[in-house]
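Asks: Predicted model and sequence below, questions to follow.
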Amino acid sequence: MIMLEFADVNRVIELLGCSQAMAYKAIRTLNSELKEKGFLTIQGKVNENYLRERYGLEKRKTSDTTDQSKSDVQNK
């Protein structure tokens, strides 16, 4: 099952390392692109997978970080 994750302005700031104004501009731009493709959007949020794709960011590996956390706890 594919789980869609939406990034809010704080998450966009974290991912792009930009100002709040630039993050909102990125959200508006990406949502505009998605609307042109026929997708529904949520104002103030953007699909995180689309954001990562358009900005060339690596995909999150949640299972790796979870496995790492477990091994850190076991090693203590």
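Replies: Happy to help now that I have it.

Asks: Going by C-alpha atoms from here, please, whenever you check contacts or count neighbours.
Replies: OK.

Asks: Where does the prediction get shaky in this protein?
Replies: 1-4, 60-76 (pLDDT under 70).

Asks: Please repeat the previous calculation with a cut-off of 80.
Replies: Low-confidence segments of the chain (pLDDT under 80): 1-4, 58-76.

Asks: what residue is smack in the middle of this structure?
Replies: The structure's the chain has its C-alpha centroid closest to residue 48; by C-alpha atoms, centre = their mean the separation is 2.8 Å.

Asks: Wait, that one touches residue 9, no?
Replies: No. Under the criterion of C-alpha atoms under 8 Å, residue 48 is not in contact with residue 9, lying 11.0 Å apart.

Asks: all helices of this protein, in order?
Replies: Remark: helices assigned in the chain by DSSP state H are 9-16, 20-36, 48-55, 62-75.

Asks: Report the buried residues of the third one.
Replies: So that's helix 48-55. 48, 49, 50, 51, 52 (16 or more other C-alpha atoms under 10 Å).

Asks: For that helix, what is the distance to the chain centroid?
Replies: 7 Å (C-alpha atoms, centre = their mean, to the nearest Å).

Asks: and for it, what are the contacting residues?
Replies: 4, 5, 6, 7, 30, 58, 59 (C-alpha atoms under 8 Å, 6 or more residues apart in numbering).

Asks: Name the nearest residue to the last one, sequence neighbours excluded.
Replies: The one in question is residue 59. Distances taken as C-alpha to C-alpha, 6 or more residues apart in numbering place residue 52 nearest to residue 59, at 6.9 Å, with adjacent residues excluded.

Asks: roughly how far apart are that neighbour and residue 18?
Replies: Counting by C-alpha to C-alpha, to the nearest Å, the gap from residue 52 to residue 18 is 14 Å.

Asks: Could you do residue 6 as well?
Replies: 18 Å.

Asks: Looking at those two, which has the bigger crowd around it?
Replies: More crowded of residue 6 and residue 18, by other C-alpha atoms under 10 Å: residue 6, with 18 against 14.

Asks: Now do the same contact list for the more buried one.
Replies: By C-alpha under 8 Å, 6+ apart, the contact set of residue 6 is 45, 46, 47, 48.
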